[in-house]
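Visitor: here is my input, please return the structure:
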Amino acid sequence: MQSNDTLPATDPATLPTVRMKPKTDARRIRHGFPWVYANEMVTDRRTKALAPGALAILEDENRTPLALVTVNTESRIMARVIDKVDAGPIDQAWFAARFAKALSLRERLFDAPFYRLIHAEADGLPGVIIDRFGDTAVVQPNAAWAEALIEPLTAALAEVTGVTCVLKSASGRARSLEGLDDVSGVLLGKAPDAPVPVTMNGATYMADLMGGQKTGLFFDQRPNHAFTAKLAEGAKVLDLFSHVGGFGLACLANGAASALAVDGSAPALALAEQGAAAMGASDRFAIRQGDAFEVLEAMNEEGAQFDVVVCDPPAFAPARQSLEAGLRAYERLAKLAAPLVAPGGYLVLCSCSHAADLAKFRTACIRGIGRAGRESILLHTGFAGADHPMHPHLAESGYLKALIFRV
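Guide: Here you go, the predicted model:
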């Protein structure tokens, strides 16, 4: 590992400075907003020469220091606040303090070490996602500064949590926006040679930490799985966009009569089958590979009916430019799913699109249900679990919405 004395110092006298443009609102930064966009920054030759992820002191137009930031001139988010101006070195000890604070919260929330440990800005590590799977942690360094300091980050993570394996997941859109590569790998120890079983809400999920989506499992839906499972005792369940069996397996654990998982990924469905087998529920579990919209249309033609229908798609509106198209997709999904719900049954519609806020998403869903000729009441609105805290200044960090209707 890299020694502390070779890491960038954070003495304002030794660090470069970067400056906000005149007439930009520096009060946001003083009040806790963690980002400065490229169109708000003075991008002179000296600033452009900074290496992606470099540390710098951010100043307002009057050259008053505001914060310690990391800089990436290749990103739309040119500066990310990571600490106060007078912070000490950004070294292993600095990372360890952040990890210890995050760990103390998770250990209060969960009785087993399976959770999101670091949720980016909300846990004081901008652009960094870390999910923990027992003795293994999976890191997504989605900002250039974290990539540059991955060695002290990894050492501190092992020091604080005791994990013996740290994996790097380089998949996802966020890294490409930072100009980073998509090469995943092992940062510490030896990668698991088989999927890792994870127990949540009584269900067993098989997480492929090296080859699966993102970090291998989505911890954020844990409370929404639990609420839906309460409605599923004795029920016939359809789980669309199921990944490794998220909602369906939770419902089986709570006594559902059957669950059908639909996903486009054969490997994800194979892991779902392994999870059902580990639970002793294979006889109540079935899979169907295919495009969810096409499967919905086919099921409508077949006249299929379920007591609980869940739609948990990937982000249809990952950015503002795709918002209108994304809302139309959510509306269409609701329109196709609603007729499959037996009278008095439940329809669960989810969105992980931060660009589609709750009000817009809810409107699209209600419109789709109405266009299907069904009446409904909104029973419950769910969000991400508490291991995915929301940064109070970043609406983007409250990305997950789950609407549960009785139809």
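Visitor: so residue 301 sits in a strand?
Guide: No: counting by DSSP: H, G, I helix; E, B strand; the rest coil, residue 301 is not found in a strand; it is helix.
Visitor: gap between it and residue 24?
Guide: Distance, residue 301 to residue 24, by C-beta to C-beta, to the nearest Å: 56 Å. From N, CA and C alone the C-beta is placed, and that goes for glycine too.
Visitor: return the residues in contact with the closest residue to residue 110 other than its chain neighbours.
Guide: Distances taken as C-beta to C-beta, 6 or more residues apart in numbering put residue 387 closest to residue 110, at 7.3 Å, once the chain neighbours are dropped. Applying C-beta atoms under 8 Å, 6 or more residues apart in numbering, we find residue 387 in contact with 105-106, 109-110, 115-117, 119, 219.
Visitor: residue 332 now?
Guide: Applying C-beta under 8 Å, 6+ apart, the residues contacting residue 332 are 293, 368.
Visitor: are any of the contacts of residue 387 buried, and which?
Guide: By neighbour count, with 16 or more other C-beta atoms under 10 Å, the contacts of residue 387 hold 106, 110, 115-117, 119, 219 as buried.
Visitor: contacting residues for residue 136?
Guide: So residue 136 contacts 163-167, 189, 191-192, 196, 209 (C-beta under 8 Å, 6+ apart).
Visitor: per-residue pLDDT, the residue nearest to residue 110?
Guide: Per-residue pLDDT puts residue 387 at 97.
Visitor: how much space between it and residue 403?
Guide: Per C-beta to C-beta, residue 387 is found 21 Å from residue 403.
Visitor: can you check residue 285 too?
Guide: On the measure of C-beta to C-beta, residue 285 and residue 403 end up 25 Å apart.
Visitor: got it, and residue 30?
Guide: Residue 30 is 36 Å from residue 403, by C-beta to C-beta.
Visitor: neighbour-wise, which of those two wins?
Guide: residue 403 (24 against 12; other C-beta atoms under 10 Å).
Visitor: now the more buried one, nearest residue through space, not along the chain?
Guide: Nearest non-adjacent residue to residue 403, counting by C-beta to C-beta, 6+ apart: residue 349, 4.9 Å away.
Visitor: show me what the helix or strand harbouring the one you found packs onto, helices and strands only.
Guide: Here residue 349 sits within strand 341-351, counting by DSSP states H and E. Contacts defined by 3 or more C-beta pairs under 8 Å, 6 or more residues apart in numbering; DSSP states H and E place strand 341-351 against helix 222-230, strand 306-311, helix 323-337, helix 358-371, strand 401-406.
Visitor: so which residues of the stretch 51-200 of the chain form helices?
Guide: Assigned by DSSP state H, counting those that start in this stretch, the helices in the stretch 51-200 of the chain fall at 92-109, 144-148, 150-161, 173-177.
Visitor: let me know which of these is tucked in deepest.
Guide: helix 144-148 (a mean of 23; mean count of other C-beta atoms under 10 Å).
Visitor: which secondary element of the chain has the worst mean pLDDT?
Guide: Ranked by mean pLDDT, DSSP states H and E, the weakest helix or strand in the chain is helix 173-177, scoring a mean of 84.
Visitor: now for it, which elements pack on it?
Guide: Against helix 173-177 (3+ C-beta pairs under 8 Å, 6+ apart) you get strand 136-141.
Visitor: model confidence over the strand it packs on, on average?
Guide: 96.
Visitor: so where's the protein shaky on pLDDT?
Guide: Counting by pLDDT under 70, the chain shows low-confidence ranges at 1-13.
Visitor: distance of residue 160 from residue 26?
Guide: For residue 160, the distance to residue 26 - C-beta to C-beta - is 34 Å.
Visitor: now swap in residue 158 and tell me
Guide: 38 Å.
Visitor: what does residue 107 give?
Guide: For residue 107, the distance to residue 26 - C-beta to C-beta - is 37 Å.
Visitor: likewise residue 402?
Guide: Residue 402 is 37 Å from residue 26, by C-beta to C-beta.
Visitor: who's more crowded, the two?
Guide: The neighbour comparison of residue 402 against residue 26 (other C-beta under 10 Å) goes to residue 402, with 25 against 21.
Visitor: if we ignore the residues flanking it in sequence, what's nearest the more buried one?
Guide: residue 382 (3.7 Å).
Visitor: ok, the one you found - contacts?
Guide: 223-224, 227, 401-404.
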